[in-house]
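Visitor: everything below, folded, please.
(chains A and B)
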Amino acid sequence: MNNGFGRNTRFIEILLSALLIALVGGALGLAVHGPRLWQVLQGKTALLAVPAAPTPQIPTAEPVPQVPVAAEPAPVDLGELPALVAAGAVLVDARHGEDYRRGHLPGALSLPVGASEAELALFRQQYPTETTLITYCNGYDCPDSFNLALRLVAAGYHDVRVFEGGVPQWRDAGNPLEGEQP
Amino acid sequence: MSPLRDLLFHLCRLVIGAVFLYAGALKAGDVNAFAGSVAAYQLLPYNANLLVAAILPYIEIICGVLLVFNARVKPAALVLLLLNLVFIGALSWAIYRGLAIDCGCFNQDPNRTPTSPQAALLRDLALMVGILFAYGLAPAERPNRY
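Guide: Got it, this is the predicted structure:
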């Protein structure tokens, strides 16, 4: 009787079963999300699923005004950014100032989602409402870019878009960041 | 198997199974948010983050179901063991780099109370103990042929 050989065989059986479980799980995931994932790989969309409505913001020192949704800001893909910026679009960083200072997309301005009405008014003085604005923040689990876009639409901007991939997608693509710790 | 060992085994497999079934279902319920959580670790390129977000929750769900129903316990526990090692590695990397990320492992609600990488690492180490017990105490499903 060779118990060592039996144990090795038994472990190999367990390993193969484990591999099968992982493959079945992966196949199930691809069956559910495969078509959408394929569209992402082709660059037709940036998200695995249609996002839910934006969640209410955490209260800040100055309450963010309730804005009626006049027009829903449109998402933009990473590949569209260079052409839009070259045509005069302005990148707007919706994160806290500290995050902006650490690293932001080149040429982006800082306008945190919880900015005061005075700051927003100052922004409007510098950039007319005809300016195309592209908001971004920390990616898909961050609603700040979308909520800032709604504020900008309510403030009168005609063309506001949202780069939902945000800083993570920008950096993952190998693009540089500007700031103190890019 | 002694009654105490039997009890410990069933307790571990039920708890670990339920935990990963719950965690997998949460992630599968909001894959965009989970993709964002994966991307926050800055380990993988963009498309790989989405691929992981698309398949990992279902692997957890299947392993959770197998453990809860006491089927293929050793293989399922082995898969979770390897996954947990990857999670521990990723969290250690995030701590080393000083990334201020919220784990997002068990709650995809953007208004959630954040879980620090350190707390998530301790939690995963505790889960690892449960997984090892479930694996080690699981009886052989077939008699040894040799």
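Visitor: quick check, B:Leu44 in contact with B:Leu50.
Guide: No. Applying Cβ atoms under 8 Å as the test, B:Leu44 and B:Leu50 come out as separate, 9.3 Å apart. Backbone N, C-alpha and C define where each C-beta goes, glycine included.
Visitor: more neighbours, those two?
Guide: Per other Cβ atoms under 10 Å in any protein chain shown, whichever of B:Leu44 and B:Leu50 has more neighbours is B:Leu50, with 26 against 15.
Visitor: any stretches of chain A with poor pLDDT?
Guide: Scanning chain A for pLDDT under 70 picks out A:1-5, A:39-72, A:182.
Visitor: where do the helices sit along it?
Guide: A:3-41, A:81-86, A:97-102, A:117-126, A:144-154, A:166-172 (DSSP state H).
Visitor: out of these, flag the one nearest B:Val79.
Guide: For those, proximity to B:Val79 was assessed by Cβ to Cβ; helix A:3-41 is nearest, at 4.8 Å.
Visitor: touching chain B at all, that closest one?
Guide: Yes. Residues of helix A:3-41 contacting chain B under Cβ under 8 Å from any Cβ of the partner chain: A:3, A:5-6, A:9-10, A:14-15, A:17-18, A:20-22, A:24-26, A:28-30, A:32-34, A:37, A:40-41.
Visitor: put the buried members of the residues you listed into a ChimeraX selection.
Guide: Buried members of the residues of helix A:3-41 next to chain B, defined by 16 or more other Cβ atoms under 10 Å in any protein chain shown, are picked up in ChimeraX with:
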select /A:10,14,17,18,21,22,25,26,28,29,30,32,33,37,40
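Visitor: lowest-pLDDT helix or strand in chain B?
Guide: The weakest-scoring helix or strand in chain B, judged by mean pLDDT, DSSP states H and E, is helix B:31-40 (a mean of 71).
Visitor: please tell me I have it right and B:Leu80 contacts B:Ile16.
Guide: Yes. Here B:Leu80 reaches B:Ile16: they are 6.8 Å apart, a contact under Cβ under 8 Å.
Visitor: so what sits against both of those two?
Guide: Listed as contacting both B:Leu80 and B:Ile16 by Cβ atoms under 8 Å, 6 or more residues apart in numbering or on different chains are B:67, B:131.
Visitor: now render the helices of chain A as TSV, adding distance to B:Ala23.
Guide: Formatted as TSV, the helices of chain A follow (distance: least, Cβ to Cβ, whole Å):
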stretch	distance to B:Ala23
helix A:3-41	13
helix A:81-86	34
helix A:97-102	28
helix A:117-126	40
helix A:144-154	26
helix A:166-172	22
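Visitor: B:Ala28 is nearest to which of those helices?
Guide: For B:Ala28, the closest of the helices of chain A is helix A:3-41, at 7.8 Å, according to Cβ to Cβ.
Visitor: counting by contacts, list what that closest one packs against.
Guide: Judged by 3 or more Cβ pairs under 8 Å, 6 or more residues apart in numbering or on different chains; DSSP states H and E, helix A:3-41 is in contact with helix B:46-68, helix B:73-97.
Visitor: please identify the most buried of these.
Guide: helix B:46-68 (a mean of 22; mean count of other Cβ atoms under 10 Å in any protein chain shown).
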